[in-house]
Structures are given as structure tokens and as C-alpha cells.
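Q: just the structure for this:
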Amino acid sequence: MTKYSKLTAAVTGALIATTIALFAVGGSPAHAAEHSRSARTTASDTTVSYRMPKIPAFGSYYLPKVDCPPDYPYLLNHNYSTFAFSLMPGVEIGDHQEGLGVVALDPTTVPHQERSAWGWLYTGISGTRDPFLNSATNWRTDAAAFTIVLHCTSDAAQAYWDPGL
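A: Residues are numbered from 1 along each chain as shown. Below is the predicted model:
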């Protein structure tokens, strides 16, 4: 066994153990089937709300694909993260209870040039089935629900711009 394969085996084992610890307690994550949308709009900004179904005690869901509307296509460059949530700019978790953990770090994007550099403007949540980048876990002993709120803007200058790597 080479040094590289030993390192790969160790990293893979750690990732599997972490996944089991985080998500196997309440069963495998399930893609949310029910939702409701609502929107609040101003001149250059709007919000899009997506109500998630209740997550059972110690259960997990992957977050669905949710995008900003065509008239307000970009996520606002504002951080709404709190202690229990790891969120990209423009994403907020509302109407939630303690004991809920949410990770929304995998965006949908569009290419954009800012000055002379090309990068990406965030447009929503990708819906990728990835427990480390796009999921919600209920650590409570009873079911819990929450609302995903996207803060969207029509002004690219107010949007989150990612220069990439």
C-alpha cells in the first residue's frame, strides 16, 4: 500500500464515519416532497420563501433546488448565518425551532464579469444531494419544520460575486 492510498483510505474512512454520525441516527436523508412558496418584493429586491415539510426527530433532509425569480435573479450579498446554520450569502433560515442544523453552501450560479475579472454570481440553492453542502438535520426529539428564505436582487452590484479559484 502506497503513502497515497493509505492517506486516501484514512480520509475516506473519516468521511464515512462523519456521515454515519450525522445522518444515520434518524435514517437516511429524504428529499422534501412538500413545500410552499411566497414572495415579498421591493424596487430592486425580493424574497422567495420555501416552506420545508417537518423533519422527524433526529432525521435529515437534503435541501431542494430553490432559485431566485427571473426578474430578481441574484442572491443579495448579505450574511444571514447564525450559530446553528452554515449558509451562503443571501440565504436565511426562518420560522425554525432550536435543535435544527442547516447547511446551504452549494449555489447555483451564472458567470459575470466584474471589472476585468470573470467570476460567478449566486442565484440560488443547487439542490445537490450532499450532506456536507446542502442538508438540514433535526436534533430534537420531536418533528421540526423551517422556511428557506432567499433574498434576491435585480442589481448585480448588490449580489454576491464569487471570483472562483
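
Q: for this structure, which segments count as strands?
A: 30-31, 37-41, 45-51, 60-62, 66-67, 74-75, 85-87, 91-94, 100-104, 107-114, 117-125, 134-138, 147-153, 161-162 (DSSP state E).

Q: highest average neighbour count across those?
A: strand 74-75 (a mean of 26; mean count of other Cβ atoms under 10 Å). Any C-beta I mention is one placed from the backbone N, CA and C, and that applies to glycine too.

Q: let me see the mean pLDDT of that strand.
A: In this model, strand 74-75 has an average pLDDT of 96.

Q: quick one: contacts of that strand?
A: The contact list for strand 74-75, computed with Cβ atoms under 8 Å, 6 or more residues apart in numbering, reads 68, 88-91, 107, 110, 121-124, 150-156, 158-160.

Q: by mean pLDDT, show me the worst of the strands of the chain.
A: strand 30-31 (a mean of 36).

Q: surely F146 touches A136?
A: Yes. With contact taken as Cβ atoms under 8 Å, F146 and A136 are classed as touching, separated by 7.0 Å.

Q: can you check which residues contact both of the two?
A: Common neighbours of F146 and A136, using Cβ under 8 Å, 6+ apart, are 52, 100, 102.

Q: how near is the residue nearest to A136 when sequence neighbours are not counted to Q158?
A: Using Cβ to Cβ, 6 or more residues apart in numbering and skipping residues adjacent in sequence, the residue nearest A136 is V102, 4.6 Å away. Distance check for V102 against Q158: by Cβ to Cβ, to the nearest Å, it reads 24 Å.
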